[in-house]
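**Q** Output the structure for:
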Amino acid sequence: MNNDFTFSIKSIGFDENYHPADNTRATTNFANLARGSSRQENLRNALTMIDNRFNALAHWDNPKGDRYSLELEIISVEMDLDREGNRDPFPAIEILKTTILDHYNNRRIEGIVGNNFSSYVRDYDFSVLLLEHNKNQPTFSIPDNFGDLHGKLFKHFVNSTTYKTHFNKPPVICLSVSDNKTYRRTENQHPVLGVEYQPNESSLTEQYFKKMGLAVRYFMPPNSVAPFAFYFFGDLLVDYTNLELISTISTMETFQKIYRPEIYNANAVAGAYYKPNLKNQDYSLTKVVYDREERSRLAIEQGKFAEKQFIKPYQNILEQWSAKYAF
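**A** Numbers count the residues shown, from 1 in each chain. Okay, here's the model as predicted:
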């Protein structure tokens, strides 16, 4: 295997004093929350929502609902392809790591890494490559080998010594459901993940994450109003403890309530058949200010950044490496 690609990891705590690093993708949930005049109130409210949801789900041996709180770390993964040292490492991926604080026993419990998933190369694929490919096409289509490079880079990172040195288990990524699919409730139910749903067809995001080596299952946790997409390696229901799963649910449900209240803070609960609707007007707002229009615009800017700083300068290296890297 080609050893030209090396990874390094940096971490920063996500708390009410968090300030985004200069190379953080500005469209990430946590970076968007941490800007503007309401930044500290935004962060404090979001963190309170996370802790409250965690304690509501981890209700056993927790009579006052105050046993647990979560610490969140933003994990920035940099990738170095330049052996000459003429270019800075490329900020490839950002994910979140959870740590559970058990205040009754005064101990720290490792949570899950992944949760939120941010990637400049994914921005490039969806906001530059896909748009350019379909610019003058009569019908929507997907470019050849769409997502292949990103998938191989992600798997290379998860299999790397760097990943295994820092993290004990494979990542779990939790995303919103697709608003152009219909989801059917099944009879399967998990005590923490809740009721399982199945989509009527595969989405482009599903196919993209499959190239990253990730399977997907859809669950609506207890007292949630819509299912979530959980992307994982291995067996989601066996490989992770209830507390680990709760750390992901409480974190990502909070972000989705803020970012997509039409779905995840809706006043009606998903039924036997559920079609998400971003035009739904029957929902509640959180006390967190979030700029979604800026988020969409910046995705294109960041895709172009990836093209300029990564895809084009290293095109030959990436093509040769990708051709040798088998799925």
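**Q** So which residues make contact with stretch 6-19?
**A** 21, 30, 34, 40, 43-44, 47, 71-80, 89, 92, 96-97, 157, 160, 162-163, 166 (Cβ atoms under 8 Å, 6 or more residues apart in numbering). For the C-beta atoms, the positions are set from N, CA and C on the backbone; glycine is no exception.
**Q** That stretch: which residues count as buried?
**A** For stretch 6-19, the neighbour count (16 or more other Cβ atoms under 10 Å) marks 7, 9, 12, 14, 18 as buried.
**Q** quick one on the thing from earlier: from the contacts of stretch 6-19, which ones fall inside helices?
**A** 30, 40, 43-44, 47, 157, 162-163, 166 (DSSP state H).
**Q** Among the residues you listed, name the buried ones.
**A** For the ones in helices among the contacts of stretch 6-19, a burial check counting by 16+ other Cβ under 10 Å picks out 30, 43, 47, 157, 163.
**Q** of all these, which comes closest to Gly147?
**A** Phe157 (15.1 Å; Cβ to Cβ).
**Q** in the helix or strand containing Ile173, what counts as buried?
**A** Element membership for Ile173, per DSSP states H and E: strand 172-176. Using 16+ other Cβ under 10 Å as the test for burial, strand 172-176 gives 172-176.
**Q** Please state the offset of that strand from the chain centre?
**A** What separates the centre of strand 172-176 from the centre of its chain is 5 Å, taken as Cα atoms, centre = their mean, to the nearest Å.
**Q** Not counting its own residues, what contacts that strand?
**A** 95, 112-117, 205, 209, 214, 228-232, 236, 240, 245, 248-249, 251-252, 256, 259-260, 263-264, 276.
**Q** Of those residues, which count as buried by neighbour count?
**A** In the contacts of strand 172-176, the ones that pass as buried (16+ other Cβ under 10 Å) are 95, 112-117, 205, 209, 214, 228-232, 236, 240, 245, 248-249, 251-252, 256, 259-260, 263-264, 276.
**Q** Looking at these, which are in helices?
**A** Filtering these for helices - DSSP H - leaves 205, 209, 236, 245, 248-249, 251-252, 256, 259, 263-264.
**Q** Same list, the residues you listed, but as TSV with pLDDT and distance to Asn136 please.
**A** Output for these, formatted as TSV (pLDDT from 0 to 100; distance: Cβ to Cβ, whole Å):
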residue	pLDDT	distance to Asn136
Thr205	93	24
Phe209	96	28
Leu236	97	41
Leu245	98	45
Thr248	98	41
Ile249	98	43
Thr251	96	41
Met252	96	37
Gln256	93	35
Tyr259	88	32
Ile263	96	32
Tyr264	96	36
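**Q** which residues sit in contact with Pro191?
**A** Asn242.
**Q** Okay then, goodbye and thanks.
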